[in-house]
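>>> Here is my input, please return the structure:
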Amino acid sequence: MPDAALDKINSAFLGDTIRWRTISGVVRETGLDAETVVRTIDSHPEIFVRSDTKLPGIGTVTSLHDFPVHSGVYVIRSRGGRVMYIGSTSDLRQRIREHLRDGGVMSGHESIEVATTETREHAVELEREYIERYEPVRNRVAVLRKQLADI
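Take a look at the predicted model:
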């Protein structure tokens, strides 16, 4: 059954631009029991990230299928499409996994867009360009915190 469960869970994410679901949503879409869903997801950390929200009993799972293991820039948008945060990294999949696990930047956000680059240096340049263009809320807050800490 484990392979069949993985196939069913994978199919819950296919063809969708939103790569996250609540655990209960995956249970509902797949017809599997919650224990099987959680066990299957937890046994495949290369594919899924499970994060708990502050609300009791509500957790989310995110498919990492579409995120490349490559340097690049990622843009996190709100449900309304506003750019909330822009970051650069040498490994997009791993960095997005970290954001999802700690839940800080991702809470309340709906979509993540990525652009791969040839080098980490190019990713940093592109990140700076995107930040100047879009003026994301979370990046400005981080800069202000750093400036206050330097005073």
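>>> Pull out the buried residues from stretch 25-45.
Within stretch 25-45, the residues that qualify as buried are Val26, Val27, Thr30, Leu32, Thr36, Val37, Val38, Thr40, Ile41, counting by 16 or more other CB atoms under 10 Å. The way it works is simple: take the backbone N, C-alpha and C, and place the C-beta from them, glycine included.
>>> Might one say that Ser78 is in contact with Tyr85?
No. Using CB atoms under 8 Å, Ser78 is not in contact with Tyr85; the gap is 9.8 Å.
>>> how about the strands in the protein?
With DSSP state E, the ranges of strands along the chain come out as 20-22, 48-52, 59-63, 72-78, 83-89, 109-116.
>>> lowest average confidence, helix or strand, in the protein?
For the chain, scoring each helix and strand by mean pLDDT, DSSP states H and E identifies strand 59-63 as the least confident one, at a mean of 62.
>>> weakest of the strands of the chain in terms of mean pLDDT?
The stretch with the lowest mean pLDDT among the strands of the chain is strand 59-63, at a mean of 62.
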